[in-house]
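*Asks:* just coords:
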């Protein structure tokens, strides 16, 4: 079974196993997860990577790295020469600068599709994470429509996404669209240049989205569009960052902090006034205006940091982990109403009890609706905080119970994927070895 992995409009840095603000850790963990299935022969990495300069084992934190194939790396030099020929031909024909650039862009867009064909690998199923570079109406030069109905050459930053779009349309393979961030899935999917629709949306929430897209991928381009409804499903994808991680069962007795410590960044930059920020309003009501001794760490405006003594500013990863290792509890805010995130599991893996805002995971995928860590209102949060801080047995019993919800082998993700495969007659991922 041959799989395709890609970040649609992003890249993978195998040499960086700690940076997660871009999703890089999730990508590496998911690739490792796929490679561990016995019936998976190859995992084709169909996006930019640092693989060309990552020759040693240190740079590939993948146990079964022999299964990895990098088509864009293997054909890079030859295709660069081909692109140069296309450029010279366009100039010789007297095309203006815009048309020359368009010819170059269109040539580069085809590289991934050609590379996989040349390698002679038949892809059975694709796993495509949505990245920031795919956030536009279209990435293909002949289909890149603006909201005003006009066409333009996509920005260079869209090229990585364009190669994936072209391949998915041209090859027609079944594929999963994966989302680990609610900001990638608003009310609609904007990419109109996709004709080969994904068979599923594997996410952290269940809802239906609108997706207007082209009916057919052809040359010359056919820009007729159709309105579809695309369903995204909960697949425990947020838990992939914990693949092969072990909970710190031996460290829970070393927790000393008696403060409510919250990690939260300013995520709504539409307003210059931090007081109008969605997350600040929650923090103000639920944390700052209570009797709890608290600290809030994260990226916020200078005005916010000056005017709120409770805000401790941005901290680096090492300090972040040291603080977590001393904490007993935290408060987890919603990123988007209803969605679950890695934050709850990250805290549990560090032995921190995460109290959940009522709007966080309101479909109850993470823990049951009546679980102790779910709080109904401010008073409920303050009461439970005081109990966790002061009742040693309650803290230890709660965190021990939460360890039972962890899924370090990502069996829930495999189950969700295989459910989709079974419906579509696609080979199941199976015989994955025990990883812990």
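*Replies:* Received it, and whenever you're ready, just let me know what you need. Keep in mind that this is a model prediction, so the values were computed, not measured.

*Asks:* From here on, just use CA atoms for contacts and neighbour counts.
*Replies:* Fine.

*Asks:* neighbours around residue 300, how many?
*Replies:* 18 (other Cα atoms under 10 Å).

*Asks:* Mind listing what's buried along the lengthiest strand in the chain?
*Replies:* The longest strand of the chain (DSSP state E) is strand 225-234. Within strand 225-234, the residues scored as buried using 16 or more other Cα atoms under 10 Å are 230, 231, 232, 233, 234.

*Asks:* Can you list the strands that the next helix or strand after that strand pairs with?
*Replies:* Note on strand 225-234: by DSSP states H and E, the next helix or strand toward the C-terminus is strand 260-263. Strand 260-263 pairs in its sheet with strand 294-297 (parallel), by DSSP bridges.

*Asks:* from the middle of its chain, how far away would the helix or strand just after the strand it pairs with be?
*Replies:* Note on strand 294-297: by DSSP H and E, the next helix or strand toward the C-terminus is helix 302-307. Centroid separation between helix 302-307 and its chain, computed with Cα atoms, centre = their mean, to the nearest Å, is 30 Å.

*Asks:* Please apply the same query to stretch 93-108.
*Replies:* Between the centre of stretch 93-108 and the centre of its chain there are 33 Å (Cα atoms, centre = their mean).

*Asks:* Report the buried residues of it.
*Replies:* 100, 101, 102, 103, 104, 105, 106, 107, 108.

*Asks:* Can you name every helix or strand that the host helix or strand of the fifth one contacts?
*Replies:* The secondary structure element spanning residue 104 is helix 97-109 (assigned by DSSP H and E). The elements that helix 97-109 packs onto, with contact taken as 3 or more Cα pairs under 8 Å, 6 or more residues apart in numbering; DSSP states H and E, are helix 76-92, helix 159-171.

*Asks:* Let me have those helices in a markdown table, extended by mean neighbour count, mean pLDDT and distance to residue 374.
*Replies:* Shown next, in a markdown table, are the helices and strands packed on helix 97-109 (neighbours: other Cα atoms under 10 Å; pLDDT from 0 to 100; distance: least, Cα to Cα, whole Å):
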| stretch | mean neighbour count | mean pLDDT | distance to residue 374 |
| --- | --- | --- | --- |
| helix 76-92 | 14 | 85 | 51 |
| helix 159-171 | 23 | 91 | 39 |
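
*Asks:* tally of neighbours for the nearest residue to residue 342 once chain neighbours are set aside?
*Replies:* Leaving aside its chain neighbours, residue 342 sits nearest to residue 238 (4.8 Å; criterion: Cα to Cα, 6 or more residues apart in numbering). When counting by other Cα under 10 Å, one arrives at 24 neighbours for residue 238.

*Asks:* Show me the shaky parts of the stretch 51-200 of the chain.
*Replies:* Residues of the stretch 51-200 of the chain meeting the criterion pLDDT under 70: 52-60, 135-137, 144-157, 182-183, 186-188.

*Asks:* did I read that right, residue 354 in a strand?
*Replies:* Yes - if the criterion is DSSP: H, G, I helix; E, B strand; the rest coil, then residue 354 is within a strand.

*Asks:* Can you tell me who it pairs with across the strands?
*Replies:* Assigned bridge partners for residue 354, using DSSP bridges, are residue 330.

*Asks:* now for the longest strand of the chain, which elements pack on it?
*Replies:* Applying 3+ Cα pairs under 8 Å, 6+ apart, one finds that strand 225-234 contacts strand 200-203, strand 207-214.

*Asks:* Check those for me: which has the lowest mean pLDDT.
*Replies:* Least confident of these, judged by mean pLDDT, is strand 207-214 with a mean of 90.

*Asks:* Could you tell me the end-to-end distance of stretch 216-236?
*Replies:* End-to-end distance for stretch 216-236: 33 Å, by Cα to Cα, to the nearest Å.

*Asks:* Use 45 as the first number for this chain going forward.
*Replies:* Okay, using 45 as the starting number, the last item reads as stretch 260-280.

*Asks:* and it, how far out from the chain's middle?
*Replies:* When C-alpha coordinates are averaged (Cα atoms, centre = their mean), stretch 260-280 and its chain have centres 21 Å apart.

*Asks:* List the contacts of the longest strand of the chain.
*Replies:* Residues outside strand 269-278 that contact it (Cα atoms under 8 Å, 6 or more residues apart in numbering) are 236, 244-259, 409.

*Asks:* Which among those count as buried?
*Replies:* Taking 16+ other Cα under 10 Å as the criterion, what is buried in these is 236, 244-250, 255-259, 409.

*Asks:* rewinding a little: what is the helix or strand just after the helix holding residue 148 packed up against?
*Replies:* Following helix 141-153 in sequence order, the next helix or strand is helix 155-163 (DSSP H and E). The elements that helix 155-163 packs onto, with contact taken as 3+ Cα pairs under 8 Å, 6+ apart, are helix 115-118, helix 203-215.

*Asks:* mind putting those in a markdown table, distance to residue 162 included?
*Replies:* Converted to a markdown table, the helices and strands packed on helix 155-163 look like this (distance: least, Cα to Cα, whole Å):
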| stretch | distance to residue 162 |
| --- | --- |
| helix 115-118 | 9 |
| helix 203-215 | 13 |
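
*Asks:* how about the helices and strands packed on helix 141-153 in TSV, adding distance to residue 221?
*Replies:* Shown next, in TSV, are these (distance: least, Cα to Cα, whole Å):
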stretch	distance to residue 221
helix 120-136	26
helix 203-215	11
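
*Asks:* which residues does the residue most central in space within the chain contact?
*Replies:* Taking Cα atoms, centre = their mean, the centroid of the chain lies closest to residue 224, which sits 3.4 Å from it. Going by Cα under 8 Å, 6+ apart, residue 224 touches 173, 247, 248, 281, 282, 385.

*Asks:* And the pLDDT at the fifth one?
*Replies:* When you say that, I think you mean residue 282. 92.

*Asks:* The last one too?
*Replies:* According to the per-residue confidence, residue 385 scores 88 in pLDDT.

*Asks:* now the end-to-end length of stretch 322-342.
*Replies:* Separation of the first and last residues of stretch 322-342 by Cα to Cα is 15 Å.

*Asks:* Give me the residues contacting it.
*Replies:* In contact with stretch 322-342 (Cα under 8 Å, 6+ apart) are residues 302-312, 318-319, 354-359, 377, 422, 425-426.

*Asks:* Could you identify the buried members of these?
*Replies:* Burial by neighbour count, 16+ other Cα under 10 Å: within these this picks out 302-309, 318, 354-357, 377, 425-426.
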